[in-house]
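Peer 1: Build me a model from this:
(one chain, ligands or ions: 2)
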Amino acid sequence: MEETQGETTWCEEEQQAEACIWKYVFGFTEMAVVKCAIELAIADVIESQESPMTLSELSLALACAPSPLYLMRFLMHRGIFKEELTAHGSPSYAQTTLSRRLMRYGEHSMAAFIMLNSSPMVTASLHHLSACVLANEISPFEVAHGEDAWSFLAANPAHSYLVDVGGGNGTTLHMLVKAFPWLRGINFDLPHVVSEAVEFHGVEHVGGDMFQSVPKADAVFLMCILHDWGDKECIQILKKCRGAVLEEKGKVIIVDAVIEEAKLDKLSDARLALDMAMMAHTNAGKERTLKEWEFLLGKAEFTRFTVKSINAVQSVIEAFP
Ligand SMILES: C[S@@+](CC[C@H](N)C(=O)[O-])C[C@H]1O[C@@H](n2cnc3c(N)ncnc32)[C@H](O)[C@@H]1O
Ligand SMILES: O=c1cc(-c2ccc(O)cc2)oc2c(O)c(O)ccc12
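Peer 2: Residues are numbered from 1 along each chain as shown. Ligands and ions are numbered 1, 2, ... in the order given. Sure thing, here's the model as predicted:
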């Protein structure tokens, strides 16, 4: 005979508790999978595709094997992505209002907060809550890091540095720094170009030659630069850019056209016209196909790259050392 407690039986309460306790058993796992989705830019890739993606399409876009993308099932069950069937009946993954909050950019993005709260700097403090409750008057942050948060942040600035190679007068970098306040910008261009540039908050102008060296940073940005140059020069520039970032976590972000000969869209003509303009304006500059980008990035010794179309003449290519 079941004991009743109000509306709920003892047995139902046990079952609810059993389901609930697993949330705590695997609480960190949930955070880690969401962090992983942000790092892989899964929501950004599906958004740029503008249609649901199968696991094999996702694996191509992310330049990884399909099997680890099994984590999409977890994210789908949490209501982060939704599953839809393709015309051939294969499962594909689509954006939701929630997954758009995992995008790295965009007005609803919460990615930066998730990355901060799942960072070792924050999680290390959370491991000391009980000691701090008992010890009183000392913060978990101080126990974990040996100093208060303000001294720690002064010694370990949380900013990421982005260097815009061939950034002109720094306008683009200024827009990026305003949109992403955790960024600090280094606008790198020829000395006579940066000497004319006006000051922007969060942007430092540095004069130099990208064929000689590129300032060190967390990431390098190259917008409409490589299309000005032939393959030999591009490989030289790309090698300097690869050398400017850390091997484990740096990247080189290229904004340039990707010519798709087989897949036409409303901007295909504009890309091909830009290719003709490059022929007219430069010695060996051109717009490149995916195969040509693959060749350049391979020659410059990048280990992998991803391409995101952004509904513009240019695409965003992220190359990893
Ligand atoms: C086509 S513009 C692109 C400017 C900017 N990235 C944009 O998208 O508006 C090319 C830029 O590359 C710069 N540049 C050319 N040669 C360079 C070199 N050797 N080192 C650094 N910058 C260079 C030019 O001064 C110019 O600002
Ligand atoms: O004539 C051009 C045009 C561009 C250009 C056009 C449209 C875009 O969305 C981006 C770039 O870029 C140029 C360039 O980089 C250059 O060195 C010479 C000429 C042009």
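
Peer 1: Can you tell me which residues in the stretch 201-321 of the chain are near ligand 2?
Peer 2: Proximity of the stretch 201-321 of the chain to ligand 2 is assessed by CB under 6 Å from any ligand atom, with 224, 228, 274, 277, 281, 313 identified as the residues in range. (Glycine included, C-beta is placed from N, CA and C.)

Peer 1: Any idea how many residues pack against the third one?
Peer 2: By other CB atoms under 10 Å, the residues close to residue 274 number 21.

Peer 1: picking up where we left off before, which of the residues of the stretch 201-321 of the chain next to ligand 2 has the most neighbours?
Peer 2: Tallying neighbours with other CB under 10 Å puts residue 274 at the head of these, with 21 neighbours.

Peer 1: What are the phi and psi values at it?
Peer 2: Phi and psi for residue 274, reported as degrees, to the nearest 10, are phi -60, psi -40.

Peer 1: Grab the nearest non-local neighbour of whichever residue of the stretch 51-200 of the chain sits closest to ligand 2.
Peer 2: Using CB to the nearest ligand atom, the point where the stretch 51-200 of the chain gets nearest to ligand 2 is residue 166, with a distance of 9.0 Å. Take residue 166 and drop its neighbours on the chain: the residue closest to it by CB to CB, 6 or more residues apart in numbering is residue 225, 4.2 Å away.

Peer 1: distance of the one you found from residue 282?
Peer 2: Between residue 225 and residue 282 the distance, using CB to CB, to the nearest Å, works out to 11 Å.

Peer 1: Can you list the neighbours in contact with stretch 62-79?
Peer 2: 30, 33-34, 36-37, 40-42, 45, 55-56, 58-59, 81-83, 93, 96, 98-99, 304-306 (CB atoms under 8 Å, 6 or more residues apart in numbering).

Peer 1: Can you report how many residues neighbour residue 17?
Peer 2: Neighbour count for residue 17, taken as other CB under 10 Å: 9.

Peer 1: Only alpha carbons, please: show the helix or strand harbouring it as CSV.
Peer 2: According to DSSP states H and E, residue 17 maps onto helix 10-25. As requested, the backbone C-alpha atoms of helix 10-25 are provided in CSV (Å, rounded to 0.1, in the frame of the first residue of the first chain):
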residue,chain,number,x,y,z
TRP,A,10,5.8,8.5,-1.7
CYS,A,11,6.7,6.5,-4.8
GLU,A,12,6.2,9.5,-7.2
GLU,A,13,8.3,11.7,-5.0
GLU,A,14,11.1,9.1,-5.0
GLN,A,15,10.9,9.0,-8.8
GLN,A,16,11.0,12.8,-9.1
ALA,A,17,14.0,12.9,-6.8
GLU,A,18,15.8,10.2,-8.7
ALA,A,19,15.3,12.1,-12.0
CYS,A,20,16.3,15.4,-10.4
ILE,A,21,19.5,14.2,-8.7
TRP,A,22,21.0,13.3,-12.1
LYS,A,23,21.0,17.0,-13.0
TYR,A,24,23.5,17.5,-10.2
VAL,A,25,25.5,14.4,-10.9
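
Peer 1: mean confidence score for that helix?
Peer 2: With pLDDT averaged residue by residue, helix 10-25 scores 90.

Peer 1: what sits up against whichever helix or strand comes after it?
Peer 2: Downstream of helix 10-25, the next assigned helix or strand under DSSP H and E is helix 27-40. Contact partners of helix 27-40, identified using CB under 8 Å, 6+ apart, comprise 23, 43, 62, 64, 71, 74-75, 78, 80, 102, 104, 111, 114-115, 117-118, 123.

Peer 1: tell me the domain boundaries of the chain?
Peer 2: Here the chain is described, according to automatic domain parsing, as comprising the domains 27-118, 127-156, 157-320.
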